[in-house]
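Participant: need a structure here:
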Amino acid sequence: MIKSGLLALLFSLVALPSLAILTEQEPNNNPSEAQTITPVGSFYTDFGDFALDPMGDRDWFKVPLLAGQQITIVTDGLSCGDTDTVVSIINPAGDRVLALNDDGGPGLGSQTVFAATSPGEYYVAITGFHGVADQDTVEYYTSDHFEEGCYIFTITVEPAPLSINLTDGETGFRMGVNSISLPSNRTGTGAGSGDYNNGLDHLFQHWYWYRPQGATREFALTALSGGTLVAPNEVVLTYTEPEGITFDGRWYLKQMGIDPVTTLPRSYVEIWMQATNTTGSPMSLDLFTYTDMDMDNTPSDDTAELASPTWMRIGGFTRAGFHTNAPPNRWQIGAYPTIRGNLTNTTVENLTNSGSPFGPGDFTGAFQNTWTLDPGASAMVGFVLALNMGLPGDANLDGCVDDTDLALVLALFGLSTDDDDYDPNADFNLDGVIDDSDLAIVLGFFGYGC
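Facilitator: Presented below is the predicted three-dimensional model:
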């Protein structure tokens, strides 16, 4: 008993986060003077008694992070008369605020959390409160203020909870941990809230429901069992659902240049979802893939149509698109929250092959795939969410990447914006020339949507 108790104690000590006491090193008033704090171990927590002293002092720190690590910063000035701090986390280049907080900590202290999607030395900047304006600018954290006092500084670095948090250029596709794995979402209404934003148009919700053989309702994917942030713009996640079905998903975000007319980024999210029957019996399975896009940052003036069996065109060719790689068994377009309500209610619902054309209104759309899976067998389906562009590789804009698109790109190969016959629809990455990169995009998506 003594030995087992001692081993348990040793194990508990080993499992504790790395802990030390930090000492502030002045001067550290700006990025060039930032004090480096180097996390040690997978779970790291340090703290120290720091101060904004004298009045107007700023405290800058530099913290190396790996992709997939999450940093939490807390300031607590209650022991010093409630020092009023504002905290930000700034990108390694020192020119963009990634996260900030004013009064989220104890008293007038602050607390902010950020998950890194790429490695680098990130800045933590702490200043005294001097108004709410411009807190999202780096200049706020190098400007004068009239706050003075001490505070307890706490830093925690740990593996970030699995989520979808992708960036490429100026475009982001994000879905928080609660949106993709909260157990209550399985039969609730909270699954799939997120943001896919190019600066004007954006995605409100996107997620996946399934109905296995014999079920009396649909269920949202929630049983997240593993995953990897492959790159800042790519993540893979695995869901092991209780009916003996494993879903393996891949999300890949790609920005494709800046549209010369709208001056907005063109981009797409490519998604692949594979379902595997891990039981010992054959199984029928329905997968529902749902999307809610809002155009012009408003939910009430969307238009949409089923432009082809695999393509929901939203707001026009250059606005948004919801594509699938092959014709689904069913589809539906409707105003929010009709489709989502059918997916989250307590009865069996199938999509109705209706709703096109749609609008103006609050667009939502869904595709339904039906499979019969033998024991150990898998089925896969692909989707593309596009903002401000059509389907990658679709030069003639018919929703299908085929021989016609390949022939168009080959016929225009080598042409640039200086040539009269240049066609921007064949210059998929909008780099000003139709070249190997565009040909590779056609070949990479060949057969998609056909």
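Participant: Without its sequence neighbours, what residue ends up closest to residue 269?
Facilitator: Spatial nearest neighbour of residue 269, excluding adjacent residues (C-beta to C-beta, 6 or more residues apart in numbering): residue 385 at 4.4 Å. Quick note: C-beta positions are derived from backbone N, CA and C, even for glycine.
Participant: who does residue 150 bridge with?
Facilitator: Going by DSSP bridges, residue 150 is paired in beta bridges with residue 51.
Participant: any idea how far it is from residue 94?
Facilitator: Separation of residue 150 from residue 94 (C-beta to C-beta, to the nearest Å): 26 Å.
Participant: that older thread, three-state assignment of the residue nearest to residue 269?
Facilitator: Classification of residue 385 using DSSP: H, G, I helix; E, B strand; the rest coil returns strand.
Participant: Next, give phi and psi for the residue most central in space within the chain.
Facilitator: Residue closest to the average C-alpha location in the chain (C-alpha atoms, centre = their mean): residue 174, at 2.1 Å. Note on residue 174: backbone dihedrals following degrees, to the nearest 10 are phi -140, psi 130.
Participant: Run through the residues that contact it.
Facilitator: Contacts for residue 174 (C-beta atoms under 8 Å, 6 or more residues apart in numbering) come out as 163-166, 194-196.
Participant: Tell me the confidence at it?
Facilitator: Residue 174 carries a pLDDT value of 91.
Participant: swap in residue 229?
Facilitator: Here, the pLDDT recorded for residue 229 equals 88.
Participant: one step back: which of the contacts of residue 174 tops the neighbour count?
Facilitator: Sorting these by how many neighbours each has (other C-beta atoms under 10 Å) puts residue 196 first, at 26 neighbours.
Participant: For it, list each beta-bridge partner.
Facilitator: With DSSP bridges as the rule, residue 196 is bridged to residue 173, residue 203.
Participant: quick one: it and residue 386 touch, right?
Facilitator: No. The pair residue 196 / residue 386 is not scored as a contact, 9.9 Å apart, by C-beta atoms under 8 Å.
Participant: Overlap of the contact sets of the two?
Facilitator: Common contact partners of residue 196 and residue 386 (C-beta under 8 Å, 6+ apart): residue 269.
Participant: So the residue nearest to residue 388 when sequence neighbours are not counted, which state does it fall into?
Facilitator: Leaving aside its sequence neighbours, residue 388 sits nearest to residue 266 (C-beta to C-beta, 6+ apart; 4.6 Å). Secondary structure, three-state DSSP: residue 266 is strand.
Participant: surely residue 266 meets residue 254?
Facilitator: No. Under the criterion of C-beta under 8 Å, residue 266 makes no contact with residue 254, lying 9.5 Å away.
Participant: Who has more neighbours out of those two?
Facilitator: Legend: neighbour count by other C-beta under 10 Å for residue 266 and residue 254, higher for residue 266 (24 against 19).
Participant: pLDDT value on that one, please?
Facilitator: pLDDT for residue 266: 90.
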